[in-house]
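Enquirer: Mind folding the following:
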Amino acid sequence: MRRTRLPGALRAANLSPLEEGSLLAGVLLIVAGVGVAFAAHYPGGAARMIGSLGLAAIAICAVSRGAWLYHAGVTASLPTSVARVHVRARPARAFNVSAVTLALGLPFAACAIVLALVHWAWILLSGVLLMAAAAMYSTWAREASGERPYTWPDSTASGLLGRLCMRADMQVPELVMEPGPVANAWTAGGRIHLTRALLELLGDAELEAVLAHEVAHLAHRDAAVMEICSAPSRVLLAFARFLPPRLVRWLRGLLEFGRFGVTLWLALVILAALCVPPAFVIGWVSRLSVLGMSRVREFSADAAAATLTGRPSALASALMKLERQRDWTPRADLRQVDAIAVLCIVGVARARLGRLLSTHPPTAERVRRLEETESRIQAGPYATRP
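Expert: A predicted model of the protein is given here:
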C-alpha cells in the first residue's frame with residue numbers, strides 16, 4: 001500500500017492556478033481570522049470580515065472548478081429522431097432547474113443566511129469545511145492506495161465506439177477495459193470504462209447499444225453535472241458522519257492538555273450540536289435531488305442511445321441481461337464498484353428504502369420505455385400521436 005500525502009491529493013485534483021491560489025488564500029484568511037478572533041476575544045468585527053473573505057475565496061475556487069468540469073466536456077450533435085419518429089433525449093428543463101436549485105441553491109442559500117444573521121457563523125462554517133475536507137481526504141487516501149488495473153481496449157468495442165462517435169459528430173473518447181468481475185459500463189473523466197465480463201455477456205448489437213448509452217452521457221455532460229451538483233451534499237454529509245463518532249475518542253487525548261483541552265472538546269461538542277443536524281438534513285435534501293437527477297438522466301441516455309443505434313430493443317435486451325447478472329453476482333463483487341454506482345449503466349444494488357434512494361430507475365421501467373420507442377419506430381411516423 002503506497003503512502004498518500006496532501007500534495008498528492010492536490011495534484012490528483014488537477015487544480016488550475018486560479019483555483020490553487022484562491023484555495024490557499026481562503027485557508028490563510030480563515031486561519032488569520034481565527035487568530036484575530038482569539039486575540040480580540042471576539043469573533044465579529046475584523047475577524048468576521050477576514051474569515052468571510054476566506055470563505056468567499058474558497059467559494060471562488062469551487063465555482064471555478066465547477067465551470068471547468070462542465071466546459072471540459074465533449075461537444076456532440078446527437079440525433080433526435082429515428083426513421084422520422086421523434087425521440088425526446090433530454091430531461092425537461094423545468095425539472096433540471098428545480099433539481100439544481102435544491103442540490104446547489106439550498107446549501108449555499110442556507111450558508112449565506114447563517115453568515116448574515118450570526119456574526120460568529122463563519123467559524124462554524126470553516127469548521128464544517130475543515131472536517132469535511134479531512135473526511136474526503138481520508139476517503140481519497142483509501143481509494144488511492146489501491147490502484148485499479150487497466151487493460152488494452154477491445155478491437156470490437158473500439159470499432160463500434162468509433163462508428164457511434166461518427167454518427168454523433170464527436171471526438172472518439174478513450175476506451176478503457178477493466179478486469180472487474182461485474183459486467184458493467186460507466187463514464188468518468190471523459191473516458192468510457194467497460195469490464196471484460198460485459199464483453200463476455202453481451203452480443204455485438206447489445207454492446208453497441210451500451211456504448212451508445214455511455215456516449216450519450218458524455219454528450220450530455222452527465223458526469224460533470226452529477227459531480228458538480230453532488231459536491232454540497234458530499235461535503236455536508238461527510239462532515240455529519242465525520243465528527244460525532246470521534247468526539248468520545250478525542251476526549252481522552254484532549255484531557256491531557258488540561259483546561260485548554262477540555263475547552264477545545266466542549267467547543268467541538270457545541271459545533272456538533274449546532275451544525276450536524278442542519279448539515280445532515282440539508283445534505284440529504286440535496287442528495288435526494290441529485291439521485292432524482294441521476295434517474296432522469298439515465299432515461300435520457302437510454303433515449304439518446306436508441307436514436308444513435310436505431311434499435312431500442314438492443315439496449316432493452318442488454319439491460320435485462322445486466323439485471324439478471326446483478327441478481328446472482330456475489331455482494332462482495334458488487335462492493336468493488338459500489339463507489340461508482342451512480343455512473344454505471346445499471347445500479348450496483350437495489351436501495352434498501354426503495355426507488356427514492358436509487359441511483360437508477362427500475363430496469364423494468366427502462367425496458368418498457370425502450371419497447372414503446374421500438375413500437376413507435378416499427379409503426380412509422382404517421383402512426384404516432386402529434
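
Enquirer: can you list contacts of the helix or strand containing E372?
Expert: Using DSSP states H and E, E372 sits in helix 363-379. Around helix 363-379, the neighbours that count as contacts under CB atoms under 8 Å, 6 or more residues apart in numbering are 82-83, 85, 87, 298-299, 302-303, 306, 310-313, 315-316, 319-320, 322-323, 346, 383-384. Just so you know, the C-beta spots here come from the backbone N, C-alpha and C atoms, and that holds for glycine as well.

Enquirer: Quick one: buried ones out of those?
Expert: 82, 85, 87, 298-299, 302-303, 306, 311-313, 315-316, 319, 322-323, 346 (16 or more other CB atoms under 10 Å).

Enquirer: Which members of the residues you listed occur in helices, if any?
Expert: Assigned to helices by DSSP state H, the following of the buried ones among the contacts of helix 363-379 qualify: E298, F299, D302, A303, A306, P312, S313, L315, A316, L319, L322, E323.

Enquirer: Adding distance to A67 and pLDDT, write those out as TSV.
Expert: Compiled in TSV, these are given as follows (distance: CB to CB, whole Å; pLDDT from 0 to 100):
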residue	distance to A67	pLDDT
E298	25	92
F299	27	92
D302	28	93
A303	27	92
A306	31	91
P312	35	92
S313	39	92
L315	32	94
A316	37	94
L319	34	93
L322	34	89
E323	37	86
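
Enquirer: where are the low-confidence patches of the stretch 151-300 of the chain?
Expert: 151-153, 250-261 (pLDDT under 70).

Enquirer: Quick one: the strands in it, in order.
Expert: 174-178, 185-188, 191-195 (DSSP state E, counting those that start in this stretch).

Enquirer: Spell out the residue ranges of the helices in the stretch 201-350 of the chain.
Expert: Under the criterion DSSP state H, counting those that start in this stretch, the stretch 201-350 of the chain contains helices at 204-219, 222-242, 244-255, 259-309, 312-328, 331-334.

Enquirer: Which of those sits closest to L18?
Expert: helix 222-242 (17.0 Å; CB to CB).

Enquirer: quick check: angle from that closest one to helix 204-219?
Expert: Angle of helix 222-242 versus helix 204-219, following axes from the mean of the first three to the mean of the last three CA atoms, to 10 degrees, is 70 degrees.

Enquirer: Run a quick neighbour tally on the residue nearest to L160 when sequence neighbours are not counted.
Expert: Excluding the flanking residues, the one nearest L160 by CB to CB, 6 or more residues apart in numbering is E208, at 4.6 Å. Here the number of neighbours of E208 (other CB atoms under 10 Å) works out to 25.

Enquirer: From L125, how far off is E208?
Expert: Remark: distance between E208 and L125 (CB to CB, to the nearest Å) = 49 Å.

Enquirer: residue contacts, the nearest residue to G283 once chain neighbours are set aside?
Expert: Spatial nearest neighbour of G283, chain neighbours left out: L236 (3.3 Å); criterion: CB to CB, 6+ apart. Neighbour list for L236: P107, V128, A132, A279, F280, I282, G283, S286 [criterion: CB under 8 Å, 6+ apart].

Enquirer: at 10 Å what do you get?
Expert: 107, 110-111, 128, 132, 275-276, 278-287 (CB atoms under 10 Å, 6 or more residues apart in numbering).

Enquirer: Tell me the pLDDT of L28.
Expert: Per-residue pLDDT puts L28 at 90.

Enquirer: my read: it touches A57, true?
Expert: Yes. The pair L28 and A57 passes the contact test of CB atoms under 10 Å, sitting 8.8 Å apart.

Enquirer: Check P381 and give its pLDDT.
Expert: Reported pLDDT for P381: 63.

Enquirer: likewise S145?
Expert: The model's pLDDT for S145 equals 51.

Enquirer: Near V176, how many residues? Count them for me, please.
Expert: V176: 18 neighbours (other CB under 10 Å).

Enquirer: would P43 count as being in a helix?
Expert: No. According to DSSP: H, G, I helix; E, B strand; the rest coil, P43 belongs to no helix; its state is coil.

Enquirer: isn't R167 right up against P79?
Expert: Yes. R167 is within contact range of P79, at 7.1 Å (criterion: CB under 10 Å).
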